[in-house]
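Enquirer: A structural model of the following input is requested.
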Amino acid sequence: MTADVLPALSARVRAVAHPAAEACVCGTDTSVLADRPDGTVVRHGGTVAKAHAADTDPTDLAARLAVAVHPGLAGILLPPLSPGAADLDGRPVTYWPCGTPVDRDDPDAAPWEEAATLLARLHRTPHSALPPGLPPMRGPAKAARAIARLRAAGPHPAASAVLRAWAVLPAWARDEVPMPDTRTLCHGDLHLGQLVRAGSGDWLLIDIDDLGGGDPAWDLARPAAWFACGLLPPDEWARFLTAYRRAGGPAVPADGDPWPALDVTARALTAQTAALAIAKSVAGERPLDEAETSVIDACDRMAAHPPELAGGLAT
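Expert: Numbering: from 1, shown residues only. Next up is the predicted model:
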């Protein structure tokens, strides 16, 4: 976000937070929650404004906002304060109530069961609750963008393992052809940072930028990949998976081995994570850390055992 747009976005969120006041009456500063090319988020009081990426398709965003305000999604997605998007120097802006995020400093309190239950409910959303023209879920597109960023970052000794792991994935996972399943409502970028406690105290899913129809296994892919790479303890993965199954989530069988349903998407998220790690290390001129190295090591194993030959990343 350019320096001259950020103040304008801050002014917008203050105006929305205090629509009838001539000046701010809450005595709080406007804080920047995120400032990335794909979106900038600022908060003032109980109001959050998000400036979406400049290349956001307005029709797709409108469809995603329609899902977020649909009564059938109440208690699953955080609804926006208004159903449409405003314009700010060519960037769509949406406004949201502020929620309390997951406490990163208290991993023992991570709401894995709540996240899984919300995800299962999202995946079970009936088609009557979906607007016409809902776009595809953007998970594969984001993974492909991460690989493109890796290729543009310049030479790195670990890049070849990631690119080989990416090359053995099916074409739909690389965003080269449409996903085989586009009827299930998916979040597209599920992780614990996408949950907030609303005013009621219940957890809700946030961030609709990647929402759409697709393969529900993609929404389980990040925790599955973390588990397979040794970054998520087995008990936390079991809590998440068990809660998803109990809530009737359709991405995996109700019992038995879940990995045949998750293998491809977990591999794609592993490659995406590794690609971004390398690109950021090159840009920051820093070495890879231990967690980043473990993901790249997993890519090396994946490349040697294509999905149709392996039972999972942990083999």
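Enquirer: and the lengthiest helix in the chain, what does it pack onto?
Expert: In the chain, taking DSSP state H as the definition, the longest helix is helix 259-284. For helix 259-284, the packing partners by 3 or more CB pairs under 8 Å, 6 or more residues apart in numbering; DSSP states H and E come out as helix 139-152, helix 159-167, helix 217-228, helix 290-304. For every residue, glycine as well, the C-beta is placed using N, CA and C.
Enquirer: Tell me what angle that helix forms with helix 139-152.
Expert: Taking axes from the mean of the first three to the mean of the last three CA atoms, to 10 degrees, one finds that helix 259-284 is oriented at 40 degrees with respect to helix 139-152.
Enquirer: Name the residues of helix 259-284 that are buried.
Expert: Going by neighbour count (16 or more other CB atoms under 10 Å), the buried part of helix 259-284 is 259, 261-279, 281-282.
Enquirer: Now do it against helix 290-304, angle only.
Expert: Between helix 259-284 and helix 290-304, the angle formed by their directions is 130 degrees, by the same axes, to 10 degrees.
Enquirer: if you average pLDDT over helix 259-284, what comes out?
Expert: Helix 259-284 shows an average pLDDT of 96 in the prediction.
Enquirer: Stretch 57-73 now?
Expert: When pLDDT is averaged along stretch 57-73, the result is 95.
Enquirer: swap in stretch 86-94?
Expert: The average of the pLDDT scores along stretch 86-94 is 92.
Enquirer: Run through who's touching it.
Expert: 5, 8-9, 12, 49-54, 56, 58, 61, 65, 80, 82, 85, 95 (CB atoms under 8 Å, 6 or more residues apart in numbering).
Enquirer: can you rerun that using 7 Å?
Expert: Residues from elsewhere that reach stretch 86-94 (CB atoms under 7 Å, 6 or more residues apart in numbering): 5, 8-9, 12, 49-52, 54, 56, 58, 61, 65, 80, 85.
Enquirer: same question, stretch 241-257
Expert: Contacts for stretch 241-257 (CB under 7 Å, 6+ apart): 112-113, 116-117, 119-121, 123-124, 184, 216-217, 219-220, 258, 261-262.
Enquirer: Quick one: buried ones out of those?
Expert: Among the contacts of stretch 241-257, those classed as buried by neighbour count (16+ other CB under 10 Å) are 112-113, 116-117, 119-121, 123, 184, 216-217, 219-220, 258, 261-262.
Enquirer: Which of those sits closest to H18?
Expert: Top of the list for closeness to H18, among the buried ones among the contacts of stretch 241-257 and by CB to CB, is R121 at 34.5 Å.
Enquirer: so R239 makes contact with E114?
Expert: No: at 10.3 Å, R239 does not count as touching E114 under the criterion of CB atoms under 7 Å.
Enquirer: what separates the closest residue to L288 other than its chain neighbours from V67, distance-wise?
Expert: Closest residue in space to L288, ignoring its immediate chain neighbours: S281 at 5.2 Å, by CB to CB, 6 or more residues apart in numbering. From S281 across to V67, the span is 36 Å (CB to CB, to the nearest Å).
Enquirer: Number of residues surrounding T100?
Expert: 12 (other CB atoms under 10 Å).
Enquirer: my read: it touches A198, true?
Expert: No: using CB under 7 Å as the test, T100 is too far from A198 to be in contact (8.4 Å).
Enquirer: from the chain's centre, how far out does stretch 154-161 sit?
Expert: In terms of CA atoms, centre = their mean, to the nearest Å, the centre of stretch 154-161 is found 25 Å from the chain centre.
Enquirer: Go through it and flag the buried ones.
Expert: Taking 16+ other CB under 10 Å as the neighbour-count basis, stretch 154-161 is seen to contain the buried residues 158-159, 161.
Enquirer: Also stretch 6-18?
Expert: Going through stretch 6-18 with 16+ other CB under 10 Å, the ones that come out buried are 6, 9-10, 12-14, 16-18.
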